[in-house]
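K.L.:
Test case, fold it:
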Amino acid sequence: MISSPVPYQPAAPLDQVKKLVLDAVSSRLTRAMYGKALDDFFLWRRQQGMPAFTRAAVQAHRAMLESKGYAPSTINQRLAAIKKLAHEASANGLLSAEMAAGIEQIAGVKQQGTRAGNWLTRAQAEALINCPDPATPKGRRDRALLALLVGCGLRRGEAASLSLEHIQQRDGRWVIVDLRGKHGRIRTVPVPAWVKQAVDLWCTAAGITADRILRALNRHACITGVSLSPQAILAAVGFYGRELGLTIKPHDLRRTCAKLCRAGGGELEQIQLLLGHASIQTTERYLGTRQNLADAPNDRLGLQVTGGSN
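P.N.:
Numbers count the residues shown, from 1 in each chain. Got it, this is the predicted structure:
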């Protein structure tokens, strides 16, 4: 006998399944975005009179998001969260396998054209890095922060979790070893000399000899926490951008690193390895060669940090 589809239960099990979805996500930022996506989906269902959790309902929700002008990338991320919800609901007996499969097979929204993105010129990047005052503790810390974002192409979560133990010597140069990035992928990141200089100036002045490099400071310039939060990094980048008349976010500095590496003659596959891209779509195509730490692409950025010495 063929069993009928199991309807989704909207009461207490809903929150339990949401927790399972979020617990399976390693990135704190992605976890927050998935949580927001699911909360909005739950709210939409209530507003629609609690329709069953079906392929048709998810497609209607996607149509609503499109009608509100959400970017394709945002809609697809929200769909990914809902698809994970369907998978976990099925695994826990709250949704039939057939119904879950129907939801998971919903196509994402296609991106029309190619986004240009936002990045800085070499002059703007250098001005940004040198914007913080190196005579103050906060200025030294923020120079180190901006240098790591621009010079090493780090995501803000990666910068927040970076520790002194990560920075070691390989092939006769400084690198960030075993950096855990998006989806738990591990990579090694070359560190240009001027980035290492900025980090050393901050750590020496702050008395940091181990653990997290970037730390929170109070108004008396005293370290108050074990690390600087990703949200604080977002705020810092926005602040210094406004000082220069720019509207930027941390990921724009990661994009700037890639653009300047390429403009400086960096090889495409080396830039992919530097940034830890899983798909060559982000770096045009993947050539599959071994990472060259002795001749790293971000050594060609041509930037300098002024106002201090090692």
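K.L.:
can you pull the buried residues of the helix or strand where residue 256 lies?
P.N.:
Assigned by DSSP states H and E, residue 256 belongs to helix 250-263. For helix 250-263, burial by neighbour count (16 or more other CB atoms under 10 Å) applies to 250-262. For glycine as for every other residue, the C-beta is placed from the backbone atoms N, C-alpha and C.
K.L.:
And for stretch 190-199?
P.N.:
Buried residues in stretch 190-199, defined by neighbour count with 16+ other CB under 10 Å: 190-192, 194-199.
K.L.:
State the pair within the buried residues of helix 250-263 that is farthest apart.
P.N.:
250 and 262 (19.5 Å; CB to CB).
K.L.:
so who does residue 151 touch?
P.N.:
Shown in contact with residue 151 (CB atoms under 8 Å, 6 or more residues apart in numbering): 191-192, 194-195, 257, 298, 301, 303.
K.L.:
Can you name the residues bridging to the closest residue to residue 211 other than its chain neighbours?
P.N.:
Leaving aside its chain neighbours, residue 211 sits nearest to residue 163 (5.3 Å; criterion: CB to CB, 6 or more residues apart in numbering). Residue 163 forms beta bridges with residue 212, as assigned by DSSP bridges.
K.L.:
Please apply the same query to the one 5 residues further on.
P.N.:
Listed by DSSP bridges, the beta-bridge partners for residue 168 are residue 175.
K.L.:
which secondary element of the chain has the worst mean pLDDT?
P.N.:
Ranked by mean pLDDT, DSSP states H and E, the weakest helix or strand in the chain is helix 12-23, scoring a mean of 80.
K.L.:
helix or strand right after that one?
P.N.:
Next element after helix 12-23 (DSSP H and E): helix 28-47.
K.L.:
Can you name every helix or strand that that next one contacts?
P.N.:
Contacts defined by 3 or more CB pairs under 8 Å, 6 or more residues apart in numbering; DSSP states H and E place helix 28-47 against helix 12-23, helix 55-67, helix 72-91.
K.L.:
run the last query once more with 10 Å
P.N.:
Under the contact definition 3 or more CB pairs under 10 Å, 6 or more residues apart in numbering; DSSP states H and E, helix 28-47 sits against helix 12-23, helix 55-67, helix 72-91, helix 156-161, helix 230-243.
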